[in-house]
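[1] okay, here's the prediction I keep looking at, along with the sequence it came from:
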Amino acid sequence: MHMGNVAADDDHADPPPSMARSSLLREPPATERGLRTRAALVAAARKVFERDGYLNARLIDITRAANCSAGTFYTYFSGKEEVFAAVLEVAQEDMLHPGMPHVASDDDPAAVIEASNRAYLKAYKRNSKLMGLLEQVANIDPEFRELRTSRSNAFVRRNARSIAKLQAKGQADPDLDPLLASRALSAMMSRIAFGHFVTREDRDDTPTATEEDLVQIATRLWVNALRISSPGQRARPAVRDP
């Protein structure tokens, strides 16, 4: 999870690493027909992975879902690992650029955080089955787990830079360590989304929360934790060593 337009320039300066192993990604097909066939296989593979899990997914089910032969599958992928990498390559773009709406004034960081939280949760909901699948794969594949951790850490660093910018402008608590604050708040956001959309752990013994409830409580926790001030009431600027 990241703070969107609070640090929009970081989106291109420090892109997070891919969760898909580069060694498993081939060059795209050269023809339009090839691109369509490959895309159909990737879409079918995602459905099968999400339905059956990584371990139980079978290539025959993927080819049936894509309405193509095994020979066609092997034209584009060597096996389950490669097509899973292709699924990740497509899906992670939606999580990286979740479509946050424009915020009228970037001088109100609370409004930016709220918009970012809403966009993140909407994207997480769209990809909730895949997010559950990623948890499964991370538990059985150490190399994938390391890629996933590296990507998560990249978002934590991006959030930390956003927090530091707010501190420098006197809009957030100057006494917080930006990296530690980012790690704690980012982990909270991921856990809220995973619990609500994947494990649905908030359904048993607590009142049912709506998505807007999640947006509002998460935003309040971010704002309160960082001691975000309103545009008319600024915190003191952070004192930085020269």
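    Looks like it came in fine.

[2] so what's R21 scoring on pLDDT?
    With respect to pLDDT, R21 has a value of 83.

[3] quick one, what contacts the residue nearest the centre of the chain?
    The residue lying closest to the centre of the chain (C-alpha atoms, centre = their mean) is M95, at 4.0 Å. Residues in contact with M95 (C-beta atoms under 8 Å, 6 or more residues apart in numbering) are 123-124, 127. Every residue, glycine included, has its C-beta placed from N, CA and C.

[4] between these, which is nearest K80?
    N127 (19.8 Å; C-beta to C-beta).

[5] next, the buried residues of stretch 68-88.
    The neighbour-count criterion (16 or more other C-beta atoms under 10 Å) identifies 68, 72-73, 76-77, 80, 82-88 as the buried residues of stretch 68-88.

[6] between those residues, which is nearest P16?
    Of these, the one sitting nearest to P16 (C-beta to C-beta) turns out to be L88, at 12.7 Å.

[7] is it true that that closest one touches S18?
    Yes: the pair L88 / S18 is scored as a contact, 7.5 Å apart, by C-beta atoms under 8 Å.

[8] show me the longest helix that occurs in the chain.
    helix 142-168 (DSSP state H).

[9] against which helices or strands is that one packed?
    helix 10-13, helix 128-140, helix 178-193 (3 or more C-beta pairs under 8 Å, 6 or more residues apart in numbering; DSSP states H and E).

[10] other residues contacting stretch 57-74?
    With C-beta under 8 Å, 6+ apart, stretch 57-74 has contacts from 37, 40-41, 43-45, 47-49, 52, 79-80, 83.

[11] neighbours of D213, how many?
    13 (other C-beta atoms under 10 Å).

[12] how about I140?
    Using other C-beta under 10 Å, I140 has 10 other residues around it.

[13] repeat that for A39.
    Using other C-beta under 10 Å, A39 is surrounded by 16 other residues.

[14] what about the helices in this protein?
    Counting by DSSP H, the helices of the chain are 10-13, 32-52, 59-66, 70-76, 80-96, 109-126, 128-140, 142-168, 178-193, 211-226.

[15] the longest one vs helix 211-226, what angle?
    Read it as helix 142-168. 60 degrees (axes from the mean of the first three to the mean of the last three C-alpha atoms, to 10 degrees).

[16] in helix 142-168, which residues are buried?
    In helix 142-168, counting by 16+ other C-beta under 10 Å, buried: 144, 147-148, 151-152, 154-167.

[17] please state the offset of that helix from the chain centre?
    11 Å (C-alpha atoms, centre = their mean, to the nearest Å).
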